[in-house]
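Chemist: based on what follows, work out the 3D shape:
(chains A, B and C)
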Amino acid sequence: MLEVIDLWKFYEGSPLLCGLSFHVAQGETVCLLGPSGSGKSTLLRIIAGLETPERGQVCWEGRDLAGVPAHQRGFGLVFQDYALFPHLTVEQNVAFGLKMQSRPASEVADRVSKVLAQVNLSDMGGRTVTDLSGGEQQRVALARALAPEPRLLMFDEPLGALDRNLREHLMVELRSILRASRVPAVYVTHDQEEAFTLADRVLLLHEGQIIRSGAPPEVWGDPGSAWAARFLGVGNVVEGVMRGDGRVATSIGVFAVKCSSPHRVGEPVTLLLRPAGAWPLPLKGGAAPEGCVSGTVTDVVFHLERFKVSLSNGLFFYLADPPRVGEEIRLELPPSAIACLP
Amino acid sequence: MKRIFFPVLLAALFLASCAGQGPTTLTVMTHDSFAASQPVISAFENANHVKLVFLKSGDAGAALNKAILTKNAPLADVFYGVDNTFLSRALDAGIFESYDSPLLAQIPAEFKLDPENRELPVDYGDVCINYDKAYFSTNDLPVPATLEDLAKPEYKGMLVDENPASSSTGLTFLLATIVHFGPNGFLAYWKSLAANGLVVVDGWETAYYTNFSGSSGHGPQPLVVSYASSPAAEVVGPIQASSESPIGSVLGPDTCFRQIEFVGVLKGTTHLALARKFVDFMLSQQFQEDMPLQMYVYPVNPQAKLPEAFVMFAQIPTQPARMSPAEIAVNRDQWIAEWTQTVLH
Amino acid sequence: MDSDSPSLINPALVRRQRAGAWRRVLPWLAPGLFLGLFFFYPLGSILWLGLHSALLGGIVASVFLPTVQVFLFTVYQALLSTLLTLALGLPSAFLFARYAFRGKSFLRLLTAIPFMLPTVVVAAGFNALLGGRGWINLGAMNLFHLTTPPITFVGTLGAILLAHVFYNTTIVIRLVGNALSHLDPRLEQAARTLGADSRRVFWNVTLPLLRVPILAASLLVFLFDFTSFGVILLLGGPHFSTLEVAIYEQATQLLNLPLAALLSFVQLCCTLVFSILYSRLVTRRGVSSTPRPADTKGRPARTWRERFFVGGIVVLLFLMFVLPLVSLPLRSVTRLEADRGQHTAVQYGLTGAYYLDLFQNPSETIFYVPPFAAIGNSLLYATVTVVLSLLLGFPAASALARPTRLERVLDPFFLLPLGASAVTLGLGFIITFNRPPLLLVTSPVLVPLAHTLVALPFVIRILQPALASIPDRLRQAAASLGAPAFRVWLTVDWPIVRRATLSAAVFAFTISLGEFGASSLVVRPEYPTLPIAIARFLSQPGASNYGQAMAMATILMAVCAAGIVLIERLRLPGAGEF
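Modeler: Got it, this is the predicted structure:
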């Protein structure tokens, strides 16, 4: 299994990766999720051996890989814009890694056709790669990485350049291939839908460090920080002040919430208000009661069987029946929708 | 009023143009080795109210070719430097005007190779092999005496020759070998010379002043195809009875060939009278006596006195090779081509 | 409606279409006339003279064997030169594309200078370094007390090859280096993750992707070596004859114009074939990888093997390019031998006399004009060339920037002079313009005309991409805001094109200053150009002549080098190389 220990990497003087650590177990698909420019590609290149870190170790099954050149690590890498060899055909691209391993020609041909079948490109062997569509090229890139039977697979935002339909289709394919091959994989992306669909474990990367690690439902249920909540788009993040009776006063209302770590009175608290499960209340005079949110509707967008309603105070909620734009509404939030963020 | 205006205007313009005009310019096209002393030139210029301009245009052959290529709009008024090896090419190109100079009467018939007097003889010299005396005495080598000697192994790499395609000196020497070995045998001789380390350069100036060890250039070769009069040019210091020239000439059978140089008025010149005057000047005693120490050539005019240095050090071959201009005319190009094939490639 | 209803034929539309067609032809008029009169007409005369005399005069049989010999030697030396150039150029291209080291941009500029240096300067430089009277020989003779120069350089095949490598290495560095820096590094990274070590990455990924640029560079270098004239003449000496030199010799020494014309015909056919091959290769899409901005920074050498590679190539390049360029000015200020015919003692040592001599012209020297006047002539010719080539190049380039079918047909014709040798051009001039009404052969105007012909393809090639880069929308926007055509041009086109124009002007100027081949044939003796003067003085014996040749060559080198540096500074990033 792969272990990354306390990795530090500087880029033009300022730190990019700050003491990053994680591990990948056999058969596990780990997704590194972080905004663009957070060093995800650099991390993959360091693991692959194409770059060296300033500090830290990359270990495989306990052995430090420092000093092991890239071509001896046996790690496959699928690039964002495929990096297919334009002067070779599809077959030749896929066979490249096998050629480097000096396998006999018959074995090479066998393996190539097997892998091409795996990615559904069986009859495309002789085509030149520049003639292929984006999705086909991506599958060739995947086949090329799979063919030499790597001990670890790495993906650098491989679906970024594809349109939505294709992306979803390929995500499903990728998932099944990864499950079937049992090869440990590190998948790097800024798209949280991709990460949550493919990962066994999601790692959130923020300012050079892993700030949250866990199975997708875990991470979704408890983002672990205000930044993560905002980044994942889990819900509304609201700042407030602890009032003392288990309630937090915010600019938009008062909410009763149980926090894992105790806060003293007057301390600032960040709340997460999930958008689902809100119940519209009839507007009555006076201030909003506890646990309620009110505001003017600024936008209503149909969003896959429900409506995303944006309010003037910056919050958004999902409702089954759409209100009208400009309408004043009041929503009651169930206690499960209110969480405390550390 | 109008009737007198225009004639007056024309007269004024005519006078103005006359007054504004300086001396006429007479252009003389020559090869690079042309030289004449300033007082002699100035004498002519002042006597004829003319400015002389000398266009030095490379070796004799190159200069002639330039003149032929521009014959429809000639670059000069007079051309000096065609020699008997190129005479036929010059005459065939029809670029010269015929001029029966009165001074021709003084000149021996052997030099008058053009019966129509389009080309008039001015000087002659003998192309011979010069040798560096110091080199041969220091290295205890006998000086080569014949053409055959030059191909001997003890003289390997010592001879520098000029390319007959570009140099009239080289062409003249080539003719000497053809006279000696015959048109069928000369190529074998040149092959042996080439095998013996023959150095070929483009022109006499380079051969003599760069490659030859006996001149100011202190070059690597002690033998050079040059002129029998060159020894006179290398004498340093005041001339006494005991003076010696540091170089000598090889005067064996057919080792020398007589070269005669001609002058001619170019067709299409706008200064015909002046050009003819200049031709007369070149044949006159004054110029003919100036030539030997300037260009190291012999005057054709027998009345011209030779300078002392010339008499003492310039050597005259006893058995110079000769060939008729007609024969040269017919075969020259082919011989040059054959020589090029044999020696250069 | 029936078909010949008059309302379907709109007279206004037809008029507009006719006007449009006329406007499309107009830019081609001036350059087309120029090219037709001064290139194709003389070329036709050459071909007519050559073929006519070959078929009727029956000279073919006697000259066949020597012609084949000359042709074979031309191919042989060009091939050898190309291989040697690749041997130095390919590692250098890698050096510049991949590694960062001290003095990198200086060295890169240094390798670019020779390409535009006149052949006489290069010949003089090598002469000053390796010639019989050059530094190395004189130093060796002094050190080891020898009487003859130990190294024979001038007049050997080695001199020709070395000078060719000196000239053309920059082509390989540019074309291959450019392609290298545009290579997507992720391709090499992918190969490494698939198990390829550096050697296998090179052979399996990098080199195949460089196949097209390497081939293009080789072809171009071969073409230049094939038509090389000054180098063969001045450094090879009488023993070596290529097609160009043979044409020159037949025309000027042996006055065999028909044979010269026949050889020109052979020359033209060959260069045409190579030019077509090259342009086909370059315009083909070839192997395209993801276009990325060029990464020209490189990284410092890390391993010992890398350091050895970097150091070795740098030293080699330094020796190759710095030594000849430095020998020249040094020789122009030192007196090491006697003057022609000088019997007095020689004052050895540093002297500025040669530069002063340039202003004087005693009557016994070989020129009618003082050498300094030759400098003036060259500057004048160069200025006229710049004006002419810009005047003719601009309309042609702007038409080519928006190509229609007409342009695609005409384009190769305008690039033909690039492939035709300069000597052929000169020959064409002297056999075409030597009788009325076009009696130009003694007129000094032929020289800038010939120079313009040589410079025009380069000028067009420089202006065209700049003009093509002006988005039409800008022009349309300006026009829609009420600007007349001239103002549109001044406010939209000119600022974008300014740099390219200056670059093209400097290019034409430098080419004209250094042009030797055509000038040798058409220059008028009273108005010599600087390269002609240098060549003449170089072949004359004596310290004064040699020194003045070196002095003039140094001046010429300084001016051309300044021009090249200026062009490099003006080069648009990412602009095409050739």
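Chemist: which parts of stretch C:35-51 are buried?
Modeler: The neighbour-count check on stretch C:35-51 (16 or more other Cβ atoms under 10 Å in any protein chain shown) flags C:35, C:38-39, C:42-43, C:45-47, C:49-50 as buried. Bear in mind the C-beta positions are built from the backbone N, C-alpha and C, glycine included.
Chemist: how about the helices in the stretch 201-345 of chain B?
Modeler: Taking DSSP state H, counting those that start in this stretch as the criterion, the stretch 201-345 of chain B carries its helices at B:204-206, B:230-233, B:272-283, B:285-295, B:308-313, B:325-339.
Chemist: give me the distance from the shortest one to the chain's centre.
Modeler: Mean-position distance between helix B:204-206 and its chain equals 12 Å (Cα atoms, centre = their mean, to the nearest Å).
Chemist: which residues sit against that helix?
Modeler: Outside helix B:204-206, the residues that touch it by Cβ atoms under 8 Å, 6 or more residues apart in numbering or on different chains are B:32-33, B:59, B:162, B:167, B:169-170, B:225-226, C:340, C:539-541.
Chemist: quick one: which two of those are the most distant?
Modeler: The span of those, defined through Cβ to Cβ, is set by B:170 and C:340 at 19.1 Å.
Chemist: of the two, who's got more company?
Modeler: residue B:170 (27 against 21; other Cβ atoms under 10 Å in any protein chain shown).
Chemist: what helices or strands is the host helix or strand of that one leaning on?
Modeler: Per DSSP states H and E, residue B:170 falls inside helix B:168-181. With contacts taken as 3 or more Cβ pairs under 8 Å, 6 or more residues apart in numbering or on different chains; DSSP states H and E, helix B:168-181 sits against helix B:60-69, strand B:120-132, strand B:159-162, helix B:186-195, strand B:223-227, strand B:257-266, helix B:325-339.
Chemist: could you check the pLDDT of residue A:24?
Modeler: We have a pLDDT of 92 for residue A:24.
Chemist: now the helix ranked longest in chain A - C-alpha only, CSV.
Modeler: Of all the segments of type helix in chain A, defined by DSSP state H, the longest one is helix A:164-181. Output of helix A:164-181 as CSV, limited to C-alpha atoms (Å, rounded to 0.1, in the frame of the first residue of the first chain):
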residue,chain,number,x,y,z
ARG,A,164,-21.5,16.3,-18.8
ASN,A,165,-23.1,13.2,-20.4
LEU,A,166,-19.8,11.7,-21.3
ARG,A,167,-18.3,12.5,-18.0
GLU,A,168,-21.1,10.7,-16.1
HIS,A,169,-20.9,7.7,-18.4
LEU,A,170,-17.2,7.4,-18.0
MET,A,171,-17.4,7.9,-14.3
VAL,A,172,-19.5,4.8,-14.0
GLU,A,173,-17.3,2.8,-16.3
LEU,A,174,-14.2,3.9,-14.4
ARG,A,175,-15.7,2.9,-11.1
SER,A,176,-16.5,-0.6,-12.4
ILE,A,177,-13.1,-1.0,-13.9
LEU,A,178,-11.4,0.1,-10.7
ARG,A,179,-13.6,-2.3,-8.7
ALA,A,180,-12.9,-5.2,-11.0
SER,A,181,-9.1,-4.7,-11.1
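Chemist: quick revisit: now the angle between strand B:257-266 and the helix holding residue B:170, please.
Modeler: 140 degrees (axes from the mean of the first three to the mean of the last three Cα atoms, to 10 degrees).
Chemist: burial count for residue C:515?
Modeler: Residue C:515 has 31 neighbours, counted by other Cβ under 10 Å.
Chemist: contacting residues around it?
Modeler: Residue C:515 makes contacts with C:118, C:422, C:450-451, C:454, C:529, C:531, as judged by Cβ under 8 Å, 6+ apart.
Chemist: just the buried residues out of those, in PyMOL syntax.
Modeler: Those of the contacts of residue C:515 that count as buried under 16+ other Cβ under 10 Å are selected in PyMOL with:
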select buried, chain C and resi 118+422+450+451+454+529+531
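Chemist: of all the contacts of residue C:515, which comes closest to residue C:470?
Modeler: Distance to residue C:470 across the contacts of residue C:515 (Cβ to Cβ) is lowest for residue C:454, with 27.5 Å.
Chemist: where's residue 83, which helix or strand?
Modeler: By default, I'm working from chain A. Secondary structure assignment for residue A:83, by DSSP H and E: no helix or strand.
Chemist: wait, chain C was what I had in mind.
Modeler: Applying DSSP H and E, one finds residue C:83 within helix C:60-98.
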